[in-house]
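Engineer: Provide a 3D model corresponding to the input given below.
(2 chains)
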2 protein chains.
Amino acid sequence: MRILILGADGYLGWPTALYFSQQGHTVVACDNFAKRQWRAEVGAESVTPIRTLHERVQVWREYSGRTIQLAVGDITNWSFLSALIQDVHPEAIIHYGEQHSAPFSMIDRDHAVLTQMNNVVGTLNVLWAMRDFAPDAHLVKIGTMGEYGTPNIDIEEGYLEVEHHGRRDVVPYPKQPGSYYHLSKVHDSHNMLFACRIWNLRATDLNQGVVYGIQTEETALDERLCTSFSYDECWGTVLNRFCVQAVLNLPLTVYGQGGQTRGFLDIRDTVQCVALAVQHSAPAGELRVFNQFTEQFSVAQLAEVVGKAASELGLAVQVAHVENPRVEKETHYYNAQHTRLLDLGLQPHTLSETLVESIIQTIQRYRDRIDPSLIMPKTRWRGDRG
Amino acid sequence: MRILILGADGYLGWPTALYFSQQGHTVVACDNFAKRQWRAEVGAESVTPIRTLHERVQVWREYSGRTIQLAVGDITNWSFLSALIQDVHPEAIIHYGEQHSAPFSMIDRDHAVLTQMNNVVGTLNVLWAMRDFAPDAHLVKIGTMGEYGTPNIDIEEGYLEVEHHGRRDVVPYPKQPGSYYHLSKVHDSHNMLFACRIWNLRATDLNQGVVYGIQTEETALDERLCTSFSYDECWGTVLNRFCVQAVLNLPLTVYGQGGQTRGFLDIRDTVQCVALAVQHSAPAGELRVFNQFTEQFSVAQLAEVVGKAASELGLAVQVAHVENPRVEKETHYYNAQHTRLLDLGLQPHTLSETLVESIIQTIQRYRDRIDPSLIMPKTRWRGDRG
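Structural biologist: Residues are numbered from 1 along each chain as shown, chains lettered A, B, ... in the order given. Predicted coordinates:
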């Protein structure tokens, strides 16, 4: 299969590229390295030293004899993207190419606008390019469970069957996201649903939970193949950040009461889910939606898990409840469906089976690369009016 | 009251500016005249000869002794908008300042992206500027009934009470819009809902139906005060377009079966609804949503109404069913609530009371300004793949 991966330099994009290359597919890895610039802007490097994409592709070639093609450019640039789609003629397009930090999008007006423009225009370009140059390709787009927010009813996979005043319909699940970043994905979802309907395109929206973990089968082959691992306010997801705090002997900082419950998954399951989506294409004309996570936890529960693993490694861990920089419910109902990927054959790596200790040990090796001042939140959702 | 009107050069913006000025409010009329450029691009001038905004403001000053202040600039330009909000310190911001043609947004990629960027960034800028410089102002934003699409259940005003698996919640009404323009308003609505929630702003989203009519009390005072009146593919709303076709002795072109049912309102009621929304501010922290229309009609019914009025003026009118350039249901359930503006005191001008004849007679006066080649649709939703 010819597979185009947008955002291939990222935490998830790179392991995905390796996986499909390893499986013998033709992989084109596209990135404009905007996230490296954004990271530099807030001073937040990866804990793991990540090589340039050029070097990683070279190392992979030495290891596997397989070639991942590089395509360096910005998908918001129509000239670049339309030429790329015509060149690659992809059968599947895996789209991670977005600004994906909620706090980054909340810094100020410029970052909110940058996030929405970057994400919405990039995805619009992909849809128009598919219409014109790859109408049978399957778009696999990374969405987020954060699109749904925390409604007081069960979260379904993309659509909701409604009975209202004696009539019935199946409608797009109502979205109540919690940042300008999450909103950008909601905008994408609406644009994709429309494009599939009018142009008969194939697309799968993977509403992904919070990812944890540090390596996949392929990235573990050589240190130079490793993917990024963030712990900072902007890109550090909560379990990864807790592991870093444990290593630094800092309290695990729980925002507010810690009752915020979300879906989570292991980075290896991200790769597995994307592979399942690619193997089983969406039908033409449909925006198929999968909720991509394996387990639900509250933030307080995660702190407990990390604390236990850390103490088994002899680290003394405390939990600190800090003022919540976000505007979100700290206790709420949460029950999200996630059966459709299981139906396709997903074999989850559950958190209890995951060696949180091994994540901690990897962080310990790179301990001197960590700047503790980047961990605590500086961006406040309410801004000056809080 | 200090009232800032964004998009004040437009079909609805200008009559709104006149109305509030006449009522003695301090009115600042903002526009960047982008629509004049977009009109020129497709060659679609107003049937009524509209003066520059500068001249109209001057004429109004002569007539009324009242001054409407001009603010020329682009609200997607943060420097301009943030300075404007600080200067005006508005108590109400009436936001018409968007690209509002569905066909224009569907021409090609560039027009889709232009529409979404123009509309989404403009509204984001307004929200951030309110947060920083006018936190107590009331935003009255013109949305569209087209955000809802045509679901098989009753359309409520912005929110839907749902019972699902034995639990209840009130959620944003699911949106299924039918063009990249309508999608831009859906994106705006999601952004506004979030901004109100986290920043405690006041906003009203007026999901407006299709407007018809040619003048309001104030625009009728002098020919030089008239507002625009479109008949072309891009900006001509259906009833106005039918009236032009009747005058030209052309068949009224119904897209497809003509069972497409929508909400409609008289231009005088647009002004009345906006005035009611401004008089009764939304509470802080809430995105209040009103469905702004007075009656539902199918396109076929409208053709009948116009045909009857035209024949009373001695015009022979035929109806032609043409291929539908859009992707939409041509027969469907449609029942949209619209009680909240009535509760505030709206006194509708119904279509049966409206002198469609007077619209037709006005068009007859400007008959030589009409280019019949602009009436029929050239933009097809399915594009080359149809």
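Engineer: does A:Arg197 sit in a helix, a strand or a coil?
Structural biologist: helix (DSSP: H, G, I helix; E, B strand; the rest coil).
Engineer: Now do the contacts for it.
Structural biologist: A:285, A:287, B:327 (C-beta atoms under 8 Å, 6 or more residues apart in numbering or on different chains). In short, each C-beta sits where N, CA and C put it, glycine included.
Engineer: Out of these, which comes closest to A:Gln245?
Structural biologist: A:Leu287 (38.6 Å; C-beta to C-beta).
Engineer: which residues does the closest one contact?
Structural biologist: Neighbours of A:Leu287 in contact, by C-beta under 8 Å, 6+ apart: A:158, A:189, A:192-193, A:196-197, A:203-205.
Engineer: rerun at 7 Å
Structural biologist: By C-beta atoms under 7 Å, 6 or more residues apart in numbering or on different chains, A:Leu287 lies in contact with A:192-193, A:196, A:203, A:205.
Engineer: if we can go back for a sec, please identify which of the contacts of A:Arg197 is nearest to B:Thr144.
Structural biologist: Nearest member of those to B:Thr144, counting by C-beta to C-beta, is B:Val327, at 17.2 Å.
Engineer: quick one on the thing from earlier: in strands only, show me the contacts of A:Arg197.
Structural biologist: A:Leu287 (DSSP state E).
Engineer: returning to what we had before: show me the two of the contacts of A:Leu287 that sit farthest apart.
Structural biologist: A:Cys196 and A:Asp205 (9.8 Å).
Engineer: which one of those two has more residues nearby?
Structural biologist: Taking neighbours as other C-beta atoms under 10 Å in any protein chain shown, A:Cys196 and A:Asp205 compare with A:Asp205 leading, 29 against 23.
Engineer: Helix or strand: which one has that one?
Structural biologist: strand A:202-208 (DSSP states H and E).
Engineer: Show me what whichever helix or strand comes after that strand is in contact with.
Structural biologist: Sequence order places strand A:210-212 as the next helix or strand after strand A:202-208, per DSSP H and E. If you take C-beta under 7 Å, 6+ apart as the criterion, strand A:210-212 is touched by A:12, A:237-240, A:262, A:264-267, A:270.
Engineer: Just those residues: which are in helices?
Structural biologist: A:238-240, A:267, A:270 (DSSP state H).
Engineer: Which residue ranges of the stretch 251-386 of chain A form helices?
Structural biologist: A:267-279, A:299-312, A:340-343, A:356-365 (DSSP state H, counting those that start in this stretch).
Engineer: Please put the alpha-carbon coordinates of the longest one into CSV.
Structural biologist: Read that as helix A:299-312. C-alpha atoms of helix A:299-312 as CSV (Å, rounded to 0.1, in the frame of the first residue of the first chain):
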residue,chain,number,x,y,z
VAL,A,299,-6.3,11.8,37.0
ALA,A,300,-6.2,10.9,40.7
GLN,A,301,-6.1,7.2,39.8
LEU,A,302,-3.2,7.7,37.4
ALA,A,303,-1.3,9.5,40.2
GLU,A,304,-1.8,6.4,42.3
VAL,A,305,-0.6,4.1,39.6
VAL,A,306,2.5,6.1,39.0
GLY,A,307,3.1,6.5,42.7
LYS,A,308,3.0,2.7,43.2
ALA,A,309,5.3,1.9,40.3
ALA,A,310,7.8,4.6,41.5
SER,A,311,7.8,3.3,45.0
GLU,A,312,8.7,-0.1,43.7
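Engineer: circling back: listing partners with orientation, what would you give for the strand holding A:Asp205?
Structural biologist: strand A:138-144 (parallel), strand A:287-292 (parallel) (DSSP bridges).
Engineer: what's the angle between the shortest one and helix A:267-279?
Structural biologist: Okay, so that is strand A:287-292. Angle of strand A:287-292 versus helix A:267-279, following axes from the mean of the first three to the mean of the last three C-alpha atoms, to 10 degrees, is 160 degrees.
Engineer: hey, C-alpha coordinates of strand A:287-292 in PDB?
Structural biologist: Only the C-alpha atoms of strand A:287-292 are listed here, as PDB (Å, rounded to 0.1, in the frame of the first residue of the first chain):
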ATOM      1  CA  LEU A 287     -17.200   9.700   7.900                       C
ATOM      2  CA  ARG A 288     -16.500   6.700  10.200                       C
ATOM      3  CA  VAL A 289     -15.700   7.500  13.800                       C
ATOM      4  CA  PHE A 290     -13.900   5.300  16.300                       C
ATOM      5  CA  ASN A 291     -13.200   6.200  19.900                       C
ATOM      6  CA  GLN A 292      -9.600   5.200  20.200                       C
END
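Engineer: circling back: and of the contacts of strand A:210-212, the nearest to chain B?
Structural biologist: Taking C-beta to the nearest C-beta as the measure, chain B lies nearest A:Arg262 of those, at 18.0 Å.
Engineer: Neighbours of the nearest residue to that closest one once chain neighbours are set aside, how many?
Structural biologist: Spatially, and ignoring its direct neighbours in sequence, A:Arg262 is nearest to A:Val210 (5.5 Å; C-beta to C-beta, 6 or more residues apart in numbering or on different chains). Counted by other C-beta under 10 Å, the residues lying close to A:Val210 total 19.
Engineer: Surely A:Leu248 and A:Asp371 touch.
Structural biologist: No - A:Leu248 lies out of contact with A:Asp371 (C-beta atoms under 7 Å); the separation is 10.2 Å.
Engineer: Looking at the two, which one has more neighbours?
Structural biologist: A:Leu248 (16 against 11).
Engineer: Chain B versus that one, what's the distance?
Structural biologist: With the distance defined as C-beta to the nearest C-beta, to the nearest Å, A:Leu248 ends up 31 Å from chain B.
Engineer: Report the contact partners of that residue.
Structural biologist: A:370, A:372.
Engineer: can you do 8 Å?
Structural biologist: A:Leu248 touches A:367, A:370, A:372, counting by C-beta under 8 Å, 6+ apart.
Engineer: which of the residues you listed tops the neighbour count?
Structural biologist: A:Ile370 (19 neighbours).
Engineer: What does that one show for phi and psi?
Structural biologist: Backbone torsions of A:Ile370, given as degrees, to the nearest 10, read phi -90, psi 130.
Engineer: now the strands: where do they sit in chain A?
Structural biologist: A:2-6, A:26-31, A:68-72, A:92-95, A:138-144, A:159-164, A:167-172, A:202-208, A:210-212, A:252-255, A:261-266, A:287-292, A:295-298, A:319-322.
Engineer: Put together a markdown table for these, with mean pLDDT and distance to B:Ile93 on each row.
Structural biologist: Output for these, formatted as a markdown table (pLDDT from 0 to 100; distance: least, C-beta to C-beta, whole Å):
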| stretch | mean pLDDT | distance to B:Ile93 |
| --- | --- | --- |
| strand A:2-6 | 98 | 37 |
| strand A:26-31 | 98 | 40 |
| strand A:68-72 | 98 | 42 |
| strand A:92-95 | 98 | 36 |
| strand A:138-144 | 98 | 31 |
| strand A:159-164 | 98 | 33 |
| strand A:167-172 | 98 | 29 |
| strand A:202-208 | 98 | 34 |
| strand A:210-212 | 96 | 37 |
| strand A:252-255 | 96 | 33 |
| strand A:261-266 | 97 | 36 |
| strand A:287-292 | 98 | 34 |
| strand A:295-298 | 98 | 40 |
| strand A:319-322 | 96 | 36 |
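Engineer: wait, which of the ones you listed is closest to B:Lys175?
Structural biologist: Nearest of those (C-beta to C-beta): strand A:167-172, 7.0 Å.
Engineer: got the buried residues for that closest one?
Structural biologist: A:169, A:171-172 (16 or more other C-beta atoms under 10 Å in any protein chain shown).
Engineer: ok, now stretch A:47-60?
Structural biologist: A:47-48, A:50, A:53, A:56-60.
Engineer: What's the end-to-end length of that stretch?
Structural biologist: 21 Å (C-alpha to C-alpha, to the nearest Å).
Engineer: That one - what's its average pLDDT?
Structural biologist: The average pLDDT for stretch A:47-60 rounds to 97.
Engineer: who's in contact with that stretch?
Structural biologist: Counting by C-beta under 8 Å, 6+ apart, A:8-9, A:14, A:18, A:21, A:29, A:31, A:33, A:66-68, A:70, A:214, A:222, A:224-231, A:244, A:362-363, A:366, A:369-370 sit against stretch A:47-60.
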